[in-house]
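**Q** can you look at this prediction? I've put the sequence above it.
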Amino acid sequence: MILRAGTTEDKIRVEARSGKLWPGAHEIHTIPADFKMMKPSAEQLPETRKPVDRMVGADISFLPQLEARGRKFFDGGKEKDAIELLRDHGINYIRLRIFVNPENENGYAPGEGYCGLDYTLGMATRVKAAGLKLLLNFHYSDYWADPRQQFKPLAWEELDFEILQDSVREYTARMIRSLKQQGTPPDMVQIGNEVNHGFLWPDGHISHPDQLARLLMAGVDGCEMVDPEIPVMMHIALGGQHDESVFWLDNMIARGVRFDIIGISYYPRWHGTLDDLAGNLNDLVKRYHKPVNVIEYAIFIREIHDIVFGLPDELGQGTCIWEPLGWRGDLLTATDIQLVISLFMMRSEENSCQEDDRGKSFGIAIEKCT
């Protein structure tokens, strides 16, 4: 949420608690009262011309960590590589997050470097060998980047704005070039993760919209330096929040930010009801003439697929479920994964499973459905 008040940026945390339920929390980010609201011109709203393949995706960036802990995956009682398992059950896209220096002391994986360049190159090799497409998700941080935290990587903390902008451009190009040189180029690139409050704070906070737009465009330019045909996504965590979505997209597009796909996160704890999601997405495709993907979600598989693939003019281009192989022990069931595939591939009822298959965890064993 954005609040227009005061003279400097800040954020207000709101939290509600009831008994033993998980607390509900939200952050309100303030922007200066003199924030210049802008709307894009018709010339700034062209239809996307780059080919954008439909996606039934999965973010499985945790996989190397799961495998290092001894996690194994089975299909019909036989051990199978997790990526091949996903492919064989209809997943066609893998999303991988990448951090700048995750091995740093305060990084994502101190001393280990998970989700850095080396691990990303290894995972990309496996993804492409399995015949799947790759979405590369730039966090532009050493640690998680999301609406609550968008901290600069340690190596960039003291850079002035112009050098920071150049660093974003060159880093983006170098990561994509490294993937391309080993024969595993990304099929789509995401410039920032859940950037509705900006990224690379404080320079790129939403309260500095001109600077935010320049930093986003540095990422886009870096991608286009290597391959101008790669579709570029902007990702906001505003699934059912229509006014906030329009605020962000209007102000960034009007400031010259170019991209091909709108990426949306939808977690009902933060982003409203399914009706809110449907209303928002239907308006966004009509307003901006661009494809929309729900690029992060975890529940309501059938309903989300129905909403996305039912958008007008076939502008609902796909979904990407977040970490189905396991995170804090939360795993998709065999029925869940078959539902993801059947809703995309067949647009009909999910494949039926035998009753004794329904309780098996997808990360431990998945039985074929007929």
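**A** Looks like it arrived, so ask away. Numbers count the residues shown, from 1 in each chain.

**Q** can you give me the helices for the stretch 1-150 of the chain?
**A** Taking DSSP state H, counting those that start in this stretch as the test, the helices found in the stretch 1-150 of the chain are 63-68, 82-88, 117-129.

**Q** as JSON lines, those with distance to L281 would be great.
**A** No exception for glycine: its C-beta is placed from N, CA and C like everyone else's. Shown next, in JSON lines, are the helices of the stretch 1-150 of the chain (distance: least, C-beta to C-beta, whole Å):
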{"stretch": "helix 63-68", "distance to L281": "29"}
{"stretch": "helix 82-88", "distance to L281": "25"}
{"stretch": "helix 117-129", "distance to L281": "27"}
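
**Q** okay, the ones you listed, which one's buried deepest?
**A** helix 82-88 (a mean of 20; mean count of other C-beta atoms under 10 Å).

**Q** before we move on, the earlier item: could I get the helices of the stretch 1-150 of the chain in JSON lines, plus columns for mean pLDDT and distance to G219?
**A** What follows is those, written out as JSON lines (pLDDT from 0 to 100; distance: least, C-beta to C-beta, whole Å):
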{"stretch": "helix 63-68", "mean pLDDT": "94", "distance to G219": "25"}
{"stretch": "helix 82-88", "mean pLDDT": "94", "distance to G219": "27"}
{"stretch": "helix 117-129", "mean pLDDT": "98", "distance to G219": "16"}
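
**Q** out of those, which gets nearest to G256?
**A** For the helices of the stretch 1-150 of the chain, proximity to G256 was assessed by C-beta to C-beta; helix 117-129 is nearest, at 29.0 Å.

**Q** contacts for the closest one, please.
**A** 61, 63-64, 81, 83, 94, 96, 98, 113, 133-134, 136, 175, 178-179, 182-184, 186 (C-beta atoms under 8 Å, 6 or more residues apart in numbering).

**Q** again, only this time at 6 Å
**A** P64, I83, I94, L96, I98, L134, L179, T184 (C-beta atoms under 6 Å, 6 or more residues apart in numbering).

**Q** kindly report the same for stretch 37-48.
**A** D250, N251, I253, A254, D260, Y288, H289, K290, P291.

**Q** got it, and stretch 269-284?
**A** Here stretch 269-284 has contacts from G239, G240, H242, S245, I262, Y266, V292, E303, I307, L311, using C-beta under 6 Å, 6+ apart.

**Q** how much space separates L215 from L159?
**A** To L159, L215 is 12 Å away according to C-beta to C-beta, to the nearest Å.

**Q** same check, this time on I264
**A** Distance from I264 to L159, by C-beta to C-beta: 31 Å.

**Q** between those two, who's got more neighbours?
**A** I264 (27 against 16; other C-beta atoms under 10 Å).

**Q** what about this protein, any weak spots by pLDDT?
**A** Low-confidence regions of the chain, defined by pLDDT under 70, span residues 1-9, 327-370.

**Q** now tell me what touches the lengthiest helix in the chain from outside.
**A** Assignment by DSSP state H gives helix 161-181 as the longest helix of the chain. Helix 161-181 is touched from outside by 124, 156, 185-186, 203, 214-215, 218-219, 221-223, 225-226, with contacts defined as C-beta under 6 Å, 6+ apart.

**Q** returning to what we had before: which of the contacts of helix 117-129 tops the neighbour count?
**A** Result: I94 is most packed of the contacts of helix 117-129 (other C-beta under 10 Å), 27 neighbours.

**Q** gap between the closest residue to that one other than its chain neighbours and Y93?
**A** Residue nearest to I94 in three dimensions, not counting chain neighbours: V127, with 4.7 Å by C-beta to C-beta, 6 or more residues apart in numbering. Look at V127 and Y93: by C-beta to C-beta, they are 9 Å apart.
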